[in-house]
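Trainee: Just to be clear, the model below is a prediction. Sequence and coordinates:
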2 protein chains.
Amino acid sequence: MIRHVVLFTWADEATNEQRKTVAAELSKLPGIIEQIRDYRLGDDLGISPGNQQFALVADFDDVESFLVYRDHPAHQAVIRDHIKPILASRAAVQYEL
Amino acid sequence: MIRHVVLFTWADEATNEQRKTVAAELSKLPGIIEQIRDYRLGDDLGISPGNQQFALVADFDDVESFLVYRDHPAHQAVIRDHIKPILASRAAVQYEL
């Protein structure tokens, strides 16, 4: 199994509605991209200082399945239309479970 | 459930032995800190450019259990003795599953 982890911080001018739309649009992807095995996202709880603001952890059977997700048009549309317009920074890792 | 996600990059001068020691020492914590429900760590696979180098995803029953882990002497010892000496950058989020 391959685990994909990505953390975001948002631009100061990002609205709550824009942030919620990112979560809502990403949450549709497990219903669209059948390679996704597990998909958990959410806002940082604010219990540790210096954190990023949003996390997504997604599990896949193998690297090929992750690449299908990464490059899928539905995923790329969320990145282009909803994430990039409010993105300040991104940190990611893919690793083997 | 609370998910704790942390991503690291290492200093250029970090040796492979030092990196492996971080993973080995962290991997002992589920046997020491009973609040840990799931604990998966690993090196980035190198399949996406610009990634961080190491990921840890840990699940807990609640915020209090995460805080026990965060502040546990055995965890703090790994941070002090093995992570901080080779740490270049850290990104983290705690979120609700």
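Mentor: Arrived safely, thanks for sending. Please read these numbers as outputs of a predicted model, since none were measured by experiment.
Trainee: Around chain B, pick out the residues from chain A.
Mentor: Applying C-beta under 8 Å from any C-beta of the partner chain, we find that chain A lies next to chain B at A:2-3, A:5, A:7, A:40-45, A:47-48, A:50-55, A:57, A:63, A:66-67, A:70, A:91-97. Just so you know, the C-beta spots here come from the backbone N, C-alpha and C atoms, and that holds for glycine as well.
Trainee: Nearest residue to A:E96 in space, please, no chain neighbours.
Mentor: With sequence-adjacent residues excluded and distances taken as C-beta to C-beta, 6 or more residues apart in numbering or on different chains, A:E96 is closest to B:G42, at 5.6 Å.
Trainee: My error: substitute A:S27 in the last question.
Mentor: A:L41 is the one closest to A:S27 (C-beta to C-beta, 6+ apart), at 6.9 Å.
Trainee: Distance-wise, check that neighbour relative to B:V5.
Mentor: Using C-beta to C-beta, to the nearest Å, A:L41 is found at 11 Å from B:V5.
Trainee: rewinding a little: in whichever strand or helix holds the residue nearest to A:E96, what's buried?
Mentor: Using DSSP states H and E, B:G42 maps to strand B:38-43. Neighbour counts using 16 or more other C-beta atoms under 10 Å in any protein chain shown place B:39-43 of strand B:38-43 among the buried residues.
Trainee: Chain A: helices as residue ranges?
Mentor: According to DSSP state H, chain A carries its helices in the segments A:16-27, A:63-71, A:73-78.
Trainee: Would you mind finding the most buried of those?
Mentor: Most buried of these by mean neighbour count (mean count of other C-beta atoms under 10 Å in any protein chain shown) is helix A:63-71; its value is a mean of 16.
Trainee: Put the alpha carbons of that helix into CSV.
Mentor: The C-alpha coordinates for helix A:63-71 follow below in CSV (Å, rounded to 0.1, in the frame of the first residue of the first chain):
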residue,chain,number,x,y,z
VAL,A,63,2.3,3.6,-7.0
GLU,A,64,0.4,3.1,-10.3
SER,A,65,-2.9,3.7,-8.5
PHE,A,66,-1.6,6.8,-6.8
LEU,A,67,-0.4,8.2,-10.2
VAL,A,68,-3.9,7.6,-11.6
TYR,A,69,-5.3,9.7,-8.8
ARG,A,70,-2.6,12.4,-9.0
ASP,A,71,-3.1,12.9,-12.8
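Trainee: Please tell me how far it is from the chain's geometric centre.
Mentor: 14 Å (C-alpha atoms, centre = their mean, to the nearest Å).
Trainee: what inclination does it have with respect to strand A:38-43?
Mentor: 40 degrees (axes from the mean of the first three to the mean of the last three C-alpha atoms, to 10 degrees).
Trainee: contacts for helix A:63-71?
Mentor: If you take C-beta atoms under 8 Å, 6 or more residues apart in numbering or on different chains as the criterion, helix A:63-71 is touched by A:2, A:4, A:29, A:33, A:35-37, A:58, A:60, A:75, A:94, B:45, B:47-48.
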